[in-house]
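S.K.: just coords:
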C-alpha cells in the first residue's frame, strides 16, 4: 500500500488553515470522494456532513459542500452532532457517504475530516489511498454540467433522531430515575444531545462544557481534562460523572468519589455484564496494543479472550467485524458497541455503564475497579524532523528493554498517527523496571530527535 499523503490514523487532521487542513484540500476531498462514491446509475447521490463546534468548521464545511456539489452530489448538513451520529445518519438517510468535520480531542486550532462509507463504517486504507490519488491527479474531469449540480439542504431534525436512537439502546426494563449524573460535553459536538438523552431517560442531569463559542472545545473540560467532571461530581454529590471528548466518540467516567475510570475498566465492566447475560459475542473483547495486561488477565479468568489490534478504533472495528465481536475499544475511552453503532460512541457506552450501575444497586466506586491494572508507564516525546525510530541507539534501547521485560511485561514504541510524537509504553509486574525502561528509551529518542 502506498504512503498516504493526507490521511492519518483517523482521517485527515491538522492545524486549521494550514496544509493539509485548508479549504482547498477540503474542496478537493469533496470532489474526489464525491466522484468515487457516485455510482454509474442516474439516481441522485447523497452525502451527509456533520461537525463539532470549532470555529474552523465554518471554513471547512462550505469547501466540502462546494466540492461535492461540483461533481453532482446532493448534500445534507446535519450541524453539530457526535461522530457516531454521522455514521448513523449516513445509513438512516441511505446516503452514499458521510463526513464528520472534527479533530476529536485536539484543541480548537486543529480540525479534521473523517469519512464514512454508505454502511456507516470508516473508510478502509485502500479507499483513502484511492481518494488521495484522485485529489492529486487534477480534478477538472468529471465535473457535473450546470443542470446536474448537487443540491444542498439542512437536516433540521438530525439531533432529535440521534437522541431517539441513543435512548433505544438503554434497556427498556430500566430507568435512570434516582441517579444524579454529571455530563461534561467538552463544549463539543454532543453539547445539545447528551444532556437530553440522560434527562429523558430519567436522570437528574448536571451539565458541564455545554457553552461552545468556537474556541473552547476540549479546553479544560471533556475526557482529556477529567478534573472539570470530578469537580462537578464532588460539588453536586453526583452518583457518577461522564466526560465526552470534542466529537463524543469517546468517554471517561468517574465514580461518586471522583475517581477516574479508564476505557479498560469500562470494557471489563460491560464485558462481564454482557457475558453474564449471554449477550457477549465473539468469545471476548477486541482492544488495542495499548490496553492493560490486567484486562487480558481479567477476561482470561472468565474464559474470555482479548484480541489486540494496532492503535485506532477503525482497526478495532475491522477485527470486530471479522470475528463477530460486539464489544471492543481503546484504553483512551473509544468504546464500540457494534449491536448499536458502527463506530466509537461515548454516550452509548456511558448508557451501558449506567445500566450496570442501576441494576447492581451498588455505588459506582464498588464497580469501578474490575481488575487490578498492571503497572503501566506511558511517555510521549515530541520531535521536529527526521525518523527517531530508525536511529541505531533508539533501536538498541528498545531491544535491551524487550529483553529485560521478557515474560513479565510488554513494550510498545510507535510514532503517533496524528501528531509528531513518539509514544513509549511499557507495562509489567515490576513497576521500577517499567519506569526505568521507558525513561531510557525516551532519553535515546530525545537524543536522536535533537
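M.R.: Looks like it came in fine. Keep in mind the model is a prediction, meaning the values are calculated, not measured. Numbers count the residues shown, from 1 in each chain.
S.K.: output the longest helix belonging to this structure.
M.R.: Among the segments of the chain that qualify as a helix by DSSP state H, the longest is helix 431-449.
S.K.: so where do the helices sit in the protein?
M.R.: 23-37, 57-70, 83-92, 125-135, 158-167, 193-200, 227-236, 263-276, 293-300, 313-323, 346-360, 364-368, 392-405, 431-449.
S.K.: can you name the residues in contact with the fourth one?
M.R.: Around helix 125-135, the neighbours that count as contacts under C-beta atoms under 8 Å, 6 or more residues apart in numbering are 1-2, 4-7, 25, 28-29, 31-33, 35-36, 115, 117, 123. C-beta: built from backbone N, CA, C; applies to glycine.
S.K.: just to revisit the earlier point, most tightly surrounded among the helices of the chain?
M.R.: helix 83-92 (a mean of 27; mean count of other C-beta atoms under 10 Å).
S.K.: what's the angle from it to helix 346-360?
M.R.: In terms of direction (axes from the mean of the first three to the mean of the last three C-alpha atoms, to 10 degrees), helix 83-92 departs from helix 346-360 by 100 degrees.
S.K.: could you check the angle helix 313-323 makes with helix 83-92?
M.R.: Using the same axes, to 10 degrees: helix 83-92 against helix 313-323 is 50 degrees.
S.K.: where's helix 83-92 relative to the chain centroid, distance-wise?
M.R.: Distance, stretch centre to chain centre, for helix 83-92: 14 Å (C-alpha atoms, centre = their mean, to the nearest Å).
S.K.: which residues touch it?
M.R.: Counting by C-beta under 8 Å, 6+ apart, 48-50, 76, 78, 81, 95, 97-100, 102, 104, 114, 116-121, 155, 158-159, 161-162, 165, 189, 193, 247-249, 341-345, 347-348 sit against helix 83-92.
S.K.: between it and helix 158-167, how big is the angle?
M.R.: 100 degrees.
S.K.: what angle do helix 83-92 and helix 193-200 make?
M.R.: Using the same axes, to 10 degrees, helix 83-92 lies at 80 degrees relative to helix 193-200.
S.K.: now helix 83-92: average pLDDT?
M.R.: Averaging pLDDT along helix 83-92 gives 97.
S.K.: just stretch 356-374 next, same as before
M.R.: 96.
S.K.: and if you look at stretch 192-204?
M.R.: Mean predicted lDDT for stretch 192-204 stands at 98.
S.K.: number of nearby residues for residue 22?
M.R.: By other C-beta atoms under 10 Å, 18 other residues sit near residue 22.
S.K.: residue 178: which of the helices of the chain is closest?
M.R.: Evaluated with C-beta to C-beta, those place helix 346-360 nearest to residue 178, the distance being 8.3 Å.
S.K.: which other helices and strands contact the closest one?
M.R.: helix 158-167, helix 193-200, strand 240-244, strand 251-254, helix 263-276, strand 335-337, helix 364-368 (3 or more C-beta pairs under 8 Å, 6 or more residues apart in numbering; DSSP states H and E).
S.K.: residue 71: which of the ones you listed is closest?
M.R.: helix 158-167 (23.4 Å).
S.K.: how distant is that closest one from the center of its chain?
M.R.: 19 Å.
S.K.: low-scoring stretches of the chain, by residue?
M.R.: 1-3 (pLDDT under 70).
S.K.: just give the nearest non-adjacent residue to residue 16, would you?
M.R.: residue 56 (3.5 Å; C-beta to C-beta, 6 or more residues apart in numbering).
S.K.: reformat the helices of the chain into TSV and put distance to residue 381 next to each item.
M.R.: Putting those into TSV (distance: least, C-beta to C-beta, whole Å) gives the following:
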stretch	distance to residue 381
helix 23-37	28
helix 57-70	30
helix 83-92	29
helix 125-135	26
helix 158-167	39
helix 193-200	35
helix 227-236	25
helix 263-276	23
helix 293-300	23
helix 313-323	23
helix 346-360	28
helix 364-368	31
helix 392-405	10
helix 431-449	5
